[in-house]
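Asker: give me coordinates for this.
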Amino acid sequence: MLKRDITFETLEDPPRIITKTYYFSLTAPEFAALNPDIDPDTNIEDVNVTEFIAKADDIVLSSYGVKSDDGLSFKKSDELREEFKDSLAYAALVDELFTSDSALTNFIRGVLPQRMSEGFDKAVSQVKEANPGVLSAPPVPPTS
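Answerer: Presented below is the predicted three-dimensional model:
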């Protein structure tokens, strides 16, 4: 499970800066649902990392949930996902994930189950070695 503090500006005038804590986690079956051609017990090193990262928006939304106060459950639902997707925190997170070279891979590593994140690290290293720059953030267009 990834615990993530996200800072964003409110829509008020003047805007306030808010930092809230959000939680993200993908189980092996949820990972498999995002990658239907993969058995959830497969070695993640066999996953096409670049295709998996291309699904970043689905990964963020599928991994989002609300941790219970007692820490015994992690609630996920379409309603919770839609609420998060409509939030300023989601916009701030996605902006960060797509403008930093390592933010997206770090996020994915953090939401995967431990046994899968180690294989993900190896797969990312192999892709970076074979294709330098392929997992880099896209250039941010200049502002006028």
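
Asker: which SSE is immediately downstream of the strand or helix carrying D57?
Answerer: Taking DSSP states H and E as the definition, one finds D57 inside helix 56-63. Sequence-wise, the next helix or strand downstream of helix 56-63 (DSSP H and E) is strand 64-67.

Asker: so what strands line up beside that following strand?
Answerer: Taking DSSP bridges as the criterion, strand 64-67 sits next to strand 17-24 (antiparallel), strand 74-75 (antiparallel) in its sheet.

Asker: tell me the mean pLDDT over the helix holding D57?
Answerer: Averaging pLDDT along helix 56-63 gives 89.

Asker: can you lay out the strands paired with strand 64-67 as CSV showing mean pLDDT?
Answerer: Supplementary listing: those in CSV, determined by pLDDT from 0 to 100:
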stretch, mean pLDDT
strand 17-24, 97
strand 74-75, 95
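
Asker: so which of those strands gets nearest S100?
Answerer: If you check each of the strands paired with strand 64-67 against S100 by C-beta to C-beta, strand 17-24 wins as the nearest, at 16.4 Å. Every residue, glycine included, has its C-beta placed from N, CA and C.

Asker: for the closest one, which positions count as buried?
Answerer: For strand 17-24, burial by neighbour count (16 or more other C-beta atoms under 10 Å) applies to 22-24.

Asker: buried ones in the next helix or strand after that strand?
Answerer: Sequence order places helix 28-34 as the next helix or strand after strand 17-24, per DSSP H and E. By 16+ other C-beta under 10 Å, the buried positions in helix 28-34 come out as 28, 30-32.
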